[in-house]
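Enquirer: next comes the sequence, and after it the predicted model I'd like to discuss.
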Amino acid sequence: MPRFVIQKHDATNLHYDFRLETDGILKSWTIPKGPTTHPSEKRLAILTEDHPTDYIDFEGSIPKDQYGGGTVIVWDGGTYRNLRKEKEGDGLSLAESFDDGKVEVWLEGKKLKGGYVLIRTGKKDSDQWLFIKMKDDEVDARRNPINTESKSILSGKTIEEIKKEV
Ligand code: MN
């Protein structure tokens, strides 16, 4: 099963980086406001550079003058399934779904579970996407994990605790 990760990244602006393991890289989007468990809250997701697969468990501080300078924790992660691949009459690979501007995944994370869709907005070369919870049994309007579950799933530390270790 391919893996996904969501890294909380305190750089110039605090944001969340959502990455899907596919074709030997991590396809990556930045979600400024972070993910949600509510289908009605559509979150902007900006397509960013592919990252090497071994970045999937990176946690620590990057010097301020380097790309991505700031502190990173592995906020969530686990495995995912490509829902479009499983759909009869659709069957698109992740790369094909990406080209089509609509990626549907089932996440099995520690914090996030269930279906999520990434939809490209605007033209084909647009880097603006939306990250939306699909309607399924994992919807939970009472949860707000970016506020209530702020610790790393790897170290159990908050981003502030990692920052102090430098
Ligand atoms: Mn980032």
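Expert: Nice, I can see it. Numbers count the residues shown, from 1 in each chain.
Enquirer: which non-adjacent residue is nearest the residue positioned nearest the centre of the chain?
Expert: The residue lying closest to the centre of the chain (Cα atoms, centre = their mean) is residue 18, at 1.9 Å. In space, and not counting its chain neighbours, residue 18 is closest to residue 29: 4.9 Å by Cβ to Cβ, 6 or more residues apart in numbering. Where C-beta positions appear, they are placed from N, C-alpha and C, glycine not excepted.
Enquirer: returning to that earlier point: specify the local secondary structure of the residue nearest to the centre of the chain.
Expert: strand (DSSP: H, G, I helix; E, B strand; the rest coil).
Enquirer: make residue 1 into 639 and carry on from there
Expert: All right, first residue 639 from here; so that's residue 656.
Enquirer: what about it, distance to residue 727?
Expert: 27 Å (Cβ to Cβ, to the nearest Å).
Enquirer: try residue 697
Expert: Remark: distance between residue 697 and residue 727 (Cβ to Cβ) = 41 Å.
Enquirer: so for the two, which sits in the more crowded spot?
Expert: More crowded of residue 697 and residue 727, by other Cβ atoms under 10 Å: residue 697, with 18 against 4.
Enquirer: my guess is that one contacts residue 799, does it?
Expert: No - the criterion here is Cβ atoms under 8 Å, and residue 697 misses it with residue 799 at 10.9 Å.
Enquirer: next up, identify which helix or strand the closest residue to the ion within the chain is on.
Expert: Residue nearest to the ion within the chain: residue 647 (3.7 Å; Cβ to the ion). Per DSSP states H and E: residue 647 is located in strand 641-648.
Enquirer: same deal with residue 716?
Expert: Using DSSP H and E, residue 716 falls in strand 708-720.
Enquirer: residue ranges with poor pLDDT in this protein?
Expert: Residue ranges of the chain with pLDDT under 70: 804.
Enquirer: could you pull out the helices for it?
Expert: Under the criterion DSSP state H, the chain contains helices at 721-724, 732-738, 783-786, 797-802.
Enquirer: to residue 679, which of those helices lies closest?
Expert: Among the helices of the chain, helix 783-786 comes nearest to residue 679, with 11.0 Å by Cβ to Cβ.
Enquirer: the closest one: which residues count as buried?
Expert: By neighbour count on 16 or more other Cβ atoms under 10 Å, the buried set for helix 783-786 is 783, 784.
Enquirer: quick one: contacts for residue 765?
Expert: The contact partners of residue 765, taken as Cβ atoms under 8 Å, 6 or more residues apart in numbering, are 684, 685, 686.
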